[in-house]
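Asks: Generate a structure from the sequence data that follows.
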Amino acid sequence: MKDGFRQCMAWLHTWTGLLFGWLLFAVFATGTAAYFQDEITRWMRPEVSGHPSTVQSAQGAVRWLGEHAGDARSWYITLPSARGAETTAFWVPGEKAGAPGKPGGRGGRGRGDTQAVLDGEGNKVAARETRGGFFLYRFHFDLHYMPVLWARYLVGIAAMFMLVAILSGIITHKKIFVDFFLLRFGKGQRSWLDAHNVTAVTALPFHLMITYTGLVTLAVMYMPWGIAANYAEPTGYYQQLRGEAPPVERSGIAAPMAPIAPMIAEAQRRWNGADVGVVTVANPGDTTATVTLVRAMGSGIGTRGPSVTFSGATGKFASASPEQGGAAATESVMVGLHAGRFADIALRWFYFLSGVGGTIMVGSGLVLWTVKRRAKLPNPARPHFGFRLVERLNIAAIGGLMAGIATYFLANRLLPVQMDGRAEWEIHWMFIVWGASLVWAIARPARRAWVEVLTAGAALYAAIPVVNAVTTSRNPITSIAAGDWLFPSFDLVMLAIAAALGWSARKVHRNASKATGLRTPRAKELALA
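Replies: As a prediction, the model looks like this:
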């Protein structure tokens, strides 16, 4: 009975892992990169530098918005943290902002007319248009080129399959403790199984946590019935959850903005010194203006930090967000655990390395499926269509995605800085290379395609530090001299990934016959043939 149950769990583990494995690999890879999304964004905007203070940045942003978007309905300012140097200002145009070339007008170019990247002094920076690390973060649950709602449901189903695969894998393992220490190289199928087991067992608590909390992150979308039964509109639920007051119409009476520095000081006093992350101003320049300060995400484990609201005209304290209930606080902590924004540098690297382990776990599981089944085929040299399909999808999903991400970084440096739609074309190039890897995998013999796609990925990652040094002034020497270790560190990570992909290509090339279960003919046999 036990063997039968374990065999059922092994079957469940295999097929739940395979059906959504390609999507899960992409989710794990991009989600892992997102733990350093702020650092990636800094690298992808080399024009922005410095370490401005919160107060200085907020004052500069308010001054700039007052001069350039004074008639807007609202302002939204994200302030720099220890991990980022830029201040980003967004605004919602007012009703009168409808002339061509003005914010909200038909002559504008869309998003670029309602946002700006500012330095610590409140000056607009001529920074290249890019979605930076934020794209990788959003891709891991929003995907791309498809409706967001569909994408989130698809990722949610994949996450549920992942949770089933993890739990069934735990049941399947007879020697889960031994597998923690067992990793044999050059043993064909045994090596793939060891790699899968070690990466799965080493960070097992992390994989369980990250999968379950990922589902919790979008639980309200997956199970909306509670909100529908208690609120006429979903906005009412979110306003109550965040402690937001209903919007107030403008009075039409102009009033200058009160200094924001005392507001920030009061908010920090209430939060025991925690920093401000976001400033929202409603009805700027009016007597009804309100300024809401939200605690920085990195200041606490909960993703939804407290907020305080002041009168924009007088600067007087108006209200504070209510204390969270048990359910809301638990949900906030779970989402915070998933995102890891609270983590210091050491814990963030732990998150990152555990995510790398999860990515390898999913990828090795996909490869293991083909390795185990090839030897059982009637003719391993001529597999059936389903096997060939899985094999080609593995090449594109694993090697192709890695090459695509490298292309995303290279496009950031190689596309013209003033190019229209530049941010989207960085993303387009990632998918062009990713799609090309699938075409290549279909056109070439599988073993050769593996080597060639992995080698191309290694070359692309190795090229990133070189291209960065040639196209910007942020090369390792000047960066270290300026005390900025981000760019040299980024280069080292890119070279480490290049080395890993190159090593993988070399191993596949040398052990292709073992990996596929085919025996290479000996020289004597070839001579007799």
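
Asks: Count the neighbours of residue 73 for me.
Replies: 18 (other Cβ atoms under 10 Å). In short, each C-beta sits where N, CA and C put it, glycine included.

Asks: Adjust the sequence numbering to begin at 3 for everything that follows.
Replies: Let's use 3 as the start, then, which means that last one is residue 75.

Asks: OK, contacts around the nearest residue to it once chain neighbours are set aside?
Replies: Excluding the flanking residues, the one nearest residue 75 by Cβ to Cβ, 6 or more residues apart in numbering is residue 94, at 4.5 Å. Contact analysis of residue 94 by Cβ atoms under 8 Å, 6 or more residues apart in numbering lists 74-76, 78, 116.

Asks: ok, now residue 474?
Replies: 48, 415.

Asks: Now do it, the pLDDT please.
Replies: Note on residue 474: pLDDT of 91.

Asks: Then the one 10 residues further on?
Replies: The predicted local distance difference test score for residue 484 is 81.

Asks: Can you tell me how far it is from residue 419?
Replies: 21 Å (Cβ to Cβ, to the nearest Å).

Asks: ditto for residue 54
Replies: Going from residue 54 to residue 419 by Cβ to Cβ gives 23 Å.

Asks: And residue 293, by the same measure?
Replies: In this view, residue 293 and residue 419 are 34 Å apart by Cβ to Cβ.

Asks: got any ranges where this protein has weak pLDDT?
Replies: Counting by pLDDT under 70, the chain contains low-confidence residues at 3-5, 7-8, 97-114, 175-199, 245, 513-531.

Asks: In contact with the residue nearest to the spatial centre of it, which residues?
Replies: Nearest residue to the geometric centre of the chain (Cα atoms, centre = their mean): residue 139, 2.0 Å. Counting by Cβ under 8 Å, 6+ apart, residue 139 touches 32-33, 36, 39.

Asks: okay if I get the residues you listed as TSV plus secondary structure, distance to residue 397 and neighbour count?
Replies: Listed next are the contacts of residue 139 as TSV, based on DSSP: H, G, I helix; E, B strand; the rest coil; distance: Cβ to Cβ, whole Å; neighbours: other Cβ atoms under 10 Å:
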residue	secondary structure	distance to residue 397	neighbour count
32	helix	18	23
33	helix	22	25
36	helix	24	24
39	helix	27	22
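
Asks: Format those as TSV; extra columns: distance to residue 127.
Replies: Listed next are the contacts of residue 139 as TSV, based on distance: Cβ to Cβ, whole Å:
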residue	distance to residue 127
32	27
33	29
36	24
39	19
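
Asks: Spell out the secondary structure type for residue 469.
Replies: helix (DSSP: H, G, I helix; E, B strand; the rest coil).

Asks: Please identify which of residue 293 and residue 419 sits among more neighbours.
Replies: residue 293 (26 against 12).

Asks: Can you name the residues that contact that one?
Replies: With contact set as Cβ under 8 Å, 6+ apart, residue 293 has these partners: 260, 262, 265, 281-283, 311-314.

Asks: just checking, it is part of a helix?
Replies: No. Residue 293 is assigned strand when assessed by three-state DSSP, not a helix.

Asks: Could you verify my assumption that residue 22 touches residue 163?
Replies: Yes. If you go by Cβ atoms under 8 Å, residue 22 and residue 163 touch, sitting 4.6 Å apart.

Asks: In JSON lines, list the contacts of residue 293 along with neighbour count and distance to residue 26.
Replies: Shown next, in JSON lines, are the contacts of residue 293 (neighbours: other Cβ atoms under 10 Å; distance: Cβ to Cβ, whole Å):
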{"residue": "260", "neighbour count": "18", "distance to residue 26": "50"}
{"residue": "262", "neighbour count": "23", "distance to residue 26": "44"}
{"residue": "265", "neighbour count": "25", "distance to residue 26": "44"}
{"residue": "281", "neighbour count": "26", "distance to residue 26": "37"}
{"residue": "282", "neighbour count": "17", "distance to residue 26": "36"}
{"residue": "283", "neighbour count": "25", "distance to residue 26": "41"}
{"residue": "311", "neighbour count": "21", "distance to residue 26": "41"}
{"residue": "312", "neighbour count": "24", "distance to residue 26": "45"}
{"residue": "313", "neighbour count": "17", "distance to residue 26": "49"}
{"residue": "314", "neighbour count": "27", "distance to residue 26": "46"}
